[in-house]
Structure formats: structure tokens, C-alpha cells
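Engineer: Predicted structure and sequence below. I'll ask about it afterward.
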Amino acid sequence: MNDTVPQSALREWRHHMAQPVRATALSGAAAILALVGPFGTAEVMAALPRLAYWLGLVGASYSVGYAGDALARRLSPDRLMPRIVIAAGVTGPGVLALVYLLNGLALGYWPSGGDLVALALNVMAIAAILSVVFQVASTAEPATTGADDTAAPQPPGILERLPLDKRGALLSLSVEDHYVRVHTSRGEELLLLRLSDAMRETGDVPGAQVHRSHWVAWGAVQAARREGDRAILTLPGGREVPVSRAHLPKIREAGLLPR
């Protein structure tokens, strides 16, 4: 049975948050905030409750920002300003609600009137600034460094959707429910994207769709064999990708099977 979109989104979020580098960075940020004790938390909370407070707030705020970024990229994949507006519009109110609720439950502080307005303005401003930084950084192209007329090869656009630690050589794309799993030489990542849209972002990487659920870079193929009226491609790590009968001519043209 196929997952619903919310179930698939939740699975992608769990995969994203479970990555060791990300979990370490968020935990480190929370630990620093617990030691510094900003916004009066050092005066009203003991060390361990303060650490728990910042761990919860940092993790939850990052999750809200992640959801805002994912929604922005889904609704406006090619336009920067609408993405910023969408991401900030989701992140700001979401983090404000988190801060308001957590302060009330942990500190017994339920701001109202002018205090609530000041809190809302601060949170919304921070959310807007972070949304601009993340969206601009994720779409920035590397500057040219030489005067040579021959342009350096540009990496496929789909890599810009991946975390920095996963941006290696593009190996393959595979459909999983409403998502596409992007395999690179440095790992894999689930993206909320259609396969047709993902293939348009493979750029100049030589490869082709070999099955209704799979695209493969020719340089990633380590072996190919026939199985009846179809074929099987072996990729790094021993992973196998089927080639449907309709796509057999493509792998013959690529020189992977005898004509």
C-alpha cells in the first residue's frame, strides 16, 4: 500500500533529522545556548532543565524551518522571492507558536499585549532573515574564477537540493511513493519530487530513464546482463536496477549490451 503524502513527508523528515552531522550540529547549538542562558533562561532555570528547554526549542524550530523550506521548494522551485516569502510565512508563525507554548509550559510565562507583540516581531524578523539566507545560499552559483572562454562543467541542478555532505557524483534516481531517492557517490537522500522533474535537473550527466521508476547515469553502471526480455544494471555497492523492455535500445546505444 502506498503512503500518503503526510506519511511520506514524515518519513523524509525522520531520515533528514537522523543524519549524524545534523543531529550533532543541533545538539551543539542547544548546548551552547544552555551554557549562555540567553533571554533570562539562566536566571530562572537550572542547568539540566535549561538544556532540555533549548534542545526542544532548537530541534522543533529547525523542524518547522525544514517544513517551510520543503513547502517553498515544492510550490516555487524556480523562483527565489516566492520561495523566501513562503518559507518565512511558514517558519515565522510556526516558531512563534513554539516559543509561546514552550515558555508558557516551562517557565509559566504567557506574554500578552505589548510583550507578545515584541516577541512576535523578534521571532518573525529572525525567521525572515534565516529564510533569506538559506534560500539565497541554496541557489547561489559558484563564481567563475578564470578568464578562459571555456566554461567549467556545472554540476547537475538536482544536487543543489541535497545536503552538502551528500553532493557527490550523480549515480541514479529511483521512485519511492511520492518521492525520488537520489543516489550519489556520497550517499542518498529522499526528495519530494516527481521523477520527470528530477530528470530535468540531471543537467549534462550522461544517462537515461531505463524503467518507469528509475534513471541511471551511464558512468555509474558497473555491469549489465540480460534477463529474458529485460536487463539488469549493477551500480556501485551491488545495487541492481531493472531495465524494462521498452528501454533496452537505450542501453544498447550506450554500449552496455551487445546490439
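Structural biologist: Yep, it's here. All of these numbers come straight from a predicted model, not from anything done at the bench. Numbering: from 1, shown residues only.
Engineer: Just list the residues touching the residue sitting nearest the centre point of the chain, thanks.
Structural biologist: Nearest to the mean C-alpha position of the chain, by CA atoms, centre = their mean, lies residue 162 at 5.2 Å. By CB atoms under 8 Å, 6 or more residues apart in numbering, residue 162 lies in contact with 182, 184, 189, 191. No exception for glycine: its C-beta is placed from N, CA and C like everyone else's.
Engineer: Tell me which residues touch residue 255, please.
Structural biologist: Contacts for residue 255 (CB under 8 Å, 6+ apart) come out as none.
Engineer: which SS class is it?
Structural biologist: Under DSSP: H, G, I helix; E, B strand; the rest coil, residue 255 falls in the coil class.
Engineer: so what's it scoring on pLDDT?
Structural biologist: Per-residue pLDDT puts residue 255 at 88.
Engineer: Next: residue 240.
Structural biologist: Value listed for residue 240 in the pLDDT field: 94.
Engineer: what's the answer for residue 173, then?
Structural biologist: Listed pLDDT for residue 173 reads 96.
Engineer: quick one: buried residues of the one helix or strand it maps to?
Structural biologist: Using DSSP states H and E, residue 173 maps to strand 170-176. By 16 or more other CB atoms under 10 Å, the buried positions in strand 170-176 come out as 170-175.
Engineer: do the same with stretch 240-258
Structural biologist: So for stretch 240-258, counting by 16+ other CB under 10 Å, buried means 241, 243, 247-248, 250-251, 254, 256-257.
Engineer: Neighbours of residue 40, how many?
Structural biologist: Neighbour count for residue 40, taken as other CB atoms under 10 Å: 10.
Engineer: Let's verify it: helix, strand, or coil?
Structural biologist: helix.
Engineer: in the protein, what spans have low per-residue confidence?
Structural biologist: 1-12, 15-16, 77-78, 134-135, 137-153, 259 (pLDDT under 70).
Engineer: Let me see the ranges of the strands in it.
Structural biologist: All strands of the chain, identified by DSSP state E, fall at 170-176, 179-184, 187-191, 207-211, 214-217, 223-227, 230-234, 240-243.
Engineer: Same list, those strands, but as TSV with distance to residue 42 please.
Structural biologist: Output for the strands of the chain, formatted as TSV (distance: least, CB to CB, whole Å):
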stretch	distance to residue 42
strand 170-176	45
strand 179-184	42
strand 187-191	38
strand 207-211	55
strand 214-217	52
strand 223-227	61
strand 230-234	57
strand 240-243	55
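Engineer: which one of these lies closest to residue 80?
Structural biologist: Proximity to residue 80 (CB to CB) singles out strand 187-191 among those, at 18.6 Å.
Engineer: what's the offset of the closest one from the middle of its chain?
Structural biologist: Centroid separation for strand 187-191 versus its chain: 8 Å, with CA atoms, centre = their mean, to the nearest Å.
Engineer: Hmm, residue 59 and residue 33 touching each other?
Structural biologist: No: Residue 33 is beyond contact range of residue 59, at 11.8 Å (criterion: CB atoms under 8 Å).
Engineer: quick one, which of those two is more surrounded?
Structural biologist: residue 33 (19 against 16).
Engineer: tell me the contacts of the more buried one?
Structural biologist: 54, 58.
Engineer: One more: the one 10 residues further on?
Structural biologist: By CB under 8 Å, 6+ apart, the residues touching residue 43 are residue 37.
Engineer: Could you do residue 41 as well?
Structural biologist: With CB under 8 Å, 6+ apart, residue 41 has these contacts: 34, 50, 53-54, 107.
Engineer: go again using 10 Å as the cut-off
Structural biologist: By CB atoms under 10 Å, 6 or more residues apart in numbering, the residues touching residue 41 are 33-34, 49-50, 53-54, 57, 103, 106-107.
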